[in-house]
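Visitor: Need a 3D model of the following:
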Amino acid sequence: MRCKIPALILFMAIFFAGCAKDPGEMRIKETIADIEKEKAEKCGDGVTDSWEECDYSGNLSCSEHSDELLGPLRCTECRIDISGCAEKKKCDSDICNGNGLCTEGNSHYIYCKCFALFTGTTCDRCIDNHHFDLDGKCINNTECTLVGCMENSTCQIISGKAECVCNDHYAGPDCDACEAGYYMDNGICKGALCSNTGLVCTEFEKCDDSSGKPRCICKGANQNPQDCSECDEGYGWYRNEGCFKEKSVPCATDPEKPENSTDVIKTVKIKYSEETGWSEPGFCEWKCISGHYLHKGECRDMLVFFSSGPEFPFGFDKNGDLIAGDTEGKIYVAATEITDTISSGIPFTNGRLGADGNIFFRTFSGYGVINYETGTNFYFRKDNIPKNQITITRDGTVFFGDTYFSFPDLIPIHPDLEHENAVTLTDSYENTVTVYKNGYVVYSDNERNTLWFQDYPGYVFSEHPALTYGGFVFIPHFQESTNRVSGLVVNLSDGEFVDFDETSYTDSSLKYTPAVSVDSDNRKFVSYRGVITVYDSDGKVLFDTSLLFDERFSVENLPPAVTAEKTVYFANDRQILAFRETDFLTWSYDLPAYSFPRTLLHNNETLYIFTSKGELFVLYAPGTIAGEWPHMYHDSALSGMTGYLPQFQKPAASILTSPDDDSSFSTEPITFSWNNDPENAGAKHALLIRDATGYDKVYAGLQTDRSTAAVNGLAAGNYEWRVVSIKPDGAINVSYARSFTVK
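Guide: The predicted structure follows:
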């Protein structure tokens, strides 16, 4: 038997009727789905079925659902939808902001019917030219508020609404408090600071707000607190500033100060007297502007001239002109400018103007002598010549550091110390002291006999030793074991030494060893890292320049130039500095970037600075070098040496006679002859022949009045020959050369 189930029977009736046999779980699910589908198809057909709350389209009035509601009542999926309804008693205030009435319009939608002067969808605005008053009413913009603001405030229309804004300096919700920096006084906010109060004090008073309320008090000390216009006894009122006994005031520019000067101290002190009142301000202190030096009341330009040519000095000639050279073989003559440049073709590395006016020079591969006025020269080959400073003794002997020149050779000062870095100085007895970099010192008499020889283990000596009075030599040095630089004082009588501890510094290299100059009072002027420390003859410090000039990291220390007029010139990094001991007047000159001084020479009120870039700066520098025989006249710096050296007259150069220039020979011997000047009687002469290497050899040695020589053994090639003439005092001259060829 099969049960017949009506199509619209509810699922629960089917489930509990018991008429159906158990169709299984799958059949139940299929049946439920069919029922739900049929119900969905019936929703929206306009007929409200028993399982539906409603079945219509469009809107009805919410009042049909409840007398307390209004608005659109919808039927959504056959269920009553009151989401669009509003409570009648709240609608006016919630939706129309209390400024209108909620009203149903088309399709029962709610809209606000605004009261007079209000507008907007929800009546939340005032009509044009109106704004909300403080009580929420709309009023004309011609009035800010009809309600009125609280005390200490002012009505302002802000974003369409009237607001009460606290007046200046008032604060708080009711504008009954004061903002920071003000205090309340009888309902009025007044400034609590001198900067925001209207308090006016007399010229003798000042405002004080430390108590929290500004008040007038006396401007300063020394005033009568009962009457600030009165000063205490001994004090005077000055320019509305207070009562003083003395006062720093702007100084007056000195009408007599020179050109190229500027005021440096711009205030002076004036004093008050009960009898005369205030004194008049004095003149300002002034100094010469940068690059100028005060001398005899004038600010003179320091720079005399600049040249990018010379690299090192040879010395000063008898006219006081500087003779200098460079590694390209140029010789420069300079006074107030470079007056002459001579090309020699010799690659100088150092040189020294001798007592006879010749230049004794060194190159990387040889040495020789050149007469820079004529260009005539001789040039001997010698390998491994140390790069030593060339110095000269009082008898005119030229030292190449570890050797001295005795034509045609360089003679070692000590046979075991040839080819060593060294420098030789001469004392007032014409004895020489040779200081070797490797720690040896040799003291010799004027016949070149060794008086004593000493080794100082562990010391590395600098090339700037200095002779001091009393028979001592000061030797700057570096000790690797202690990593210190200092000055060693050696007694020339026996070679004993003591450490000059006052000049000991911790430093890392020989090039930073202190340098020293000695004046005629045996005072030592020690230069280290741009500071000069002055020691008396007993080694006590007199003063230093650290307070006069800023210390800098000097590339190396150079011996300062000390003048008899008590002016000291020295180097500090790229600066050239000077100070005058008598009044500590100072000046400075800055060299360009990367131009570091390597040599300082002072001569004839002029300072010559040779730099690391091969430049020459010549500065005006008043004074003459101090001392009868100070070391700076003959040390490696060559400072001012001409004043204390002999002046030898060169012999007249020999005149070559035979063979003629450009002669050619195929047989030997070759005979050379020349004429000697009769005034050269007693002079010795030697024949030199130069081969294609450019170096000379002696083919006929020095002989008095020699005028001829025969030569054998010359290989085929081109040659030059010349004659050297040497007077008994050592003065040298060289003839012009002639060329010849051997086939």
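Visitor: quick one: least confident helix or strand in the chain?
Guide: The weakest-scoring helix or strand in the chain, judged by mean pLDDT, DSSP states H and E, is helix 11-17 (a mean of 41).
Visitor: average pLDDT across the following helix or strand past that one?
Guide: Downstream of helix 11-17, the first helix or strand assigned by DSSP states H and E is helix 25-42. Mean per-residue pLDDT for helix 25-42: 82.
Visitor: Sheet partners, orientation included, of the helix or strand just after helix 25-42?
Guide: Counting by DSSP H and E, the next helix or strand C-terminal to helix 25-42 is strand 59-61. Note on strand 59-61: by DSSP bridges, its sheet partners are strand 72-76 (antiparallel).
Visitor: Can you tell me what sits against the strand it pairs with?
Guide: The set of residues external to strand 72-76 that reach it, using Cβ atoms under 8 Å, 6 or more residues apart in numbering, is 53-57, 59-62, 64-65, 80-85, 107-110. Where C-beta positions appear, they are placed from N, C-alpha and C, glycine not excepted.
Visitor: In it, which residues are buried?
Guide: 72-75 (16 or more other Cβ atoms under 10 Å).
Visitor: can those go into CSV with extra columns for pLDDT and distance to residue 723?
Guide: Listed next are the buried residues of strand 72-76 as CSV, based on pLDDT from 0 to 100; distance: Cβ to Cβ, whole Å:
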residue, pLDDT, distance to residue 723
72, 94, 137
73, 92, 142
74, 92, 137
75, 92, 142
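Visitor: and which of these is nearest residue 715?
Guide: residue 74 (132.4 Å; Cβ to Cβ).
Visitor: List just the nearest of the buried residues of strand 72-76 to residue 170.
Guide: Nearest member of those to residue 170, counting by Cβ to Cβ, is residue 72, at 52.2 Å.
Visitor: what pairs with that closest one across the strands?
Guide: Going by DSSP bridges, residue 72 forms beta bridges with residue 61.
Visitor: Then residue 399?
Guide: Beta-bridge partners of residue 399, counted by DSSP bridges, are residue 391, residue 404.
Visitor: List the residues that contact it.
Guide: 390-393, 405, 413, 424, 432, 434.
Visitor: hmm, which of the contacts of strand 72-76 are the buried ones?
Guide: Buried among the contacts of strand 72-76 by 16+ other Cβ under 10 Å: 54-55, 59-60, 62, 81, 84-85, 108, 110.
Visitor: Just flag the most distant two among the residues you listed.
Guide: For the buried ones among the contacts of strand 72-76, and using Cβ to Cβ, no pair is farther apart than 55 and 110, which are 24.5 Å apart.
Visitor: Just the pLDDT at the residue nearest to residue 342 when sequence neighbours are not counted, thanks.
Guide: Nearest non-adjacent residue to residue 342, counting by Cβ to Cβ, 6 or more residues apart in numbering: residue 331, 4.3 Å away. If you check residue 331, the pLDDT there is 96.
Visitor: now residue 176
Guide: pLDDT recorded at residue 176 is 93.
Visitor: where in the stretch 401-550 of the chain is pLDDT low?
Guide: By pLDDT under 70, the weakly predicted segments of the stretch 401-550 of the chain are 499-509.
Visitor: residue contacts, residue 97?
Guide: 122-124.
Visitor: ok, now residue 566?
Guide: So residue 566 contacts 580-582 (Cβ under 8 Å, 6+ apart).
Visitor: from the residues you listed, which is closest to residue 622?
Guide: Distances from residue 622 to the contacts of residue 566, taken by Cβ to Cβ, are shortest for residue 580, at 9.2 Å.
Visitor: Quick check: the gap between the nearest residue to that closest one once chain neighbours are set aside and residue 561.
Guide: Nearest residue to residue 580 in three dimensions, chain neighbours excluded: residue 567, at 4.8 Å (Cβ to Cβ, 6+ apart). As for residue 567, its distance to residue 561 is 9 Å (criterion: Cβ to Cβ, to the nearest Å).
Visitor: Please apply the same query to residue 262.
Guide: Residue 262 sits 27 Å away from residue 561, going by Cβ to Cβ.
Visitor: Hmm, residue 576 and residue 611 touching each other?
Guide: No - Residue 611 is beyond contact range of residue 576, at 10.3 Å (criterion: Cβ atoms under 8 Å).
Visitor: which secondary structure element contains residue 257?
Guide: Using DSSP H and E, no helix or strand contains residue 257.
Visitor: please renumber so the chain begins at 43
Guide: All set: I'll call the first residue 43, so the last point we hit is now residue 299.
Visitor: ok, and the closest non-adjacent residue to it?
Guide: residue 328 (4.8 Å).
Visitor: now residue 715
Guide: Here the residue nearest residue 715, using Cβ to Cβ, 6+ apart, is residue 750, at 4.3 Å.
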